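Enquirer: Next comes the sequence, and after it the predicted model I'd like to discuss.
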Amino acid sequence: MVFIRTKKIGNTNYYYLVEGKRDEQGKVKQKVIKYLGSPENILEKFRFWEEQH
């Protein structure tokens, strides 16, 4: 399962794309797939995409 995780550092939230899997003992292990950045960074990427398409 893939989901977005929020991590608050100081006063800023940062976002990560995370995959959750179970190991041999049945415990859930999380692996960061992609760092998405701060909300401003994410919005900037969408603005760039909209300008290109």
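Expert: Perfect, I can see it now. Residues are numbered from 1 along each chain as shown.
Enquirer: what about Leu36, how many neighbours?
Expert: Residues contacting Leu36 under the criterion other Cβ atoms under 10 Å number 17. In this view, the C-beta of every residue, glycine as well, is placed from N, C-alpha and C.
Enquirer: how close does it get to Phe46?
Expert: Look at Leu36 and Phe46: by Cβ to Cβ, to the nearest Å, they are 11 Å apart.
Enquirer: where exactly do the helices run in the chain?
Expert: 39-52 (DSSP state H).
Enquirer: Break down it into its strands, ranges please.
Expert: 2-9, 12-22, 28-37 (DSSP state E).
Enquirer: now the second one, how far from the chain's geometric center?
Expert: Spelled out, that is strand 12-22. In terms of Cα atoms, centre = their mean, to the nearest Å, the centre of strand 12-22 is found 5 Å from the chain centre.
Enquirer: can you check the last one too?
Expert: Using Cα atoms, centre = their mean, the distance from the centre of strand 28-37 to the centre of the chain it belongs to is 6 Å.
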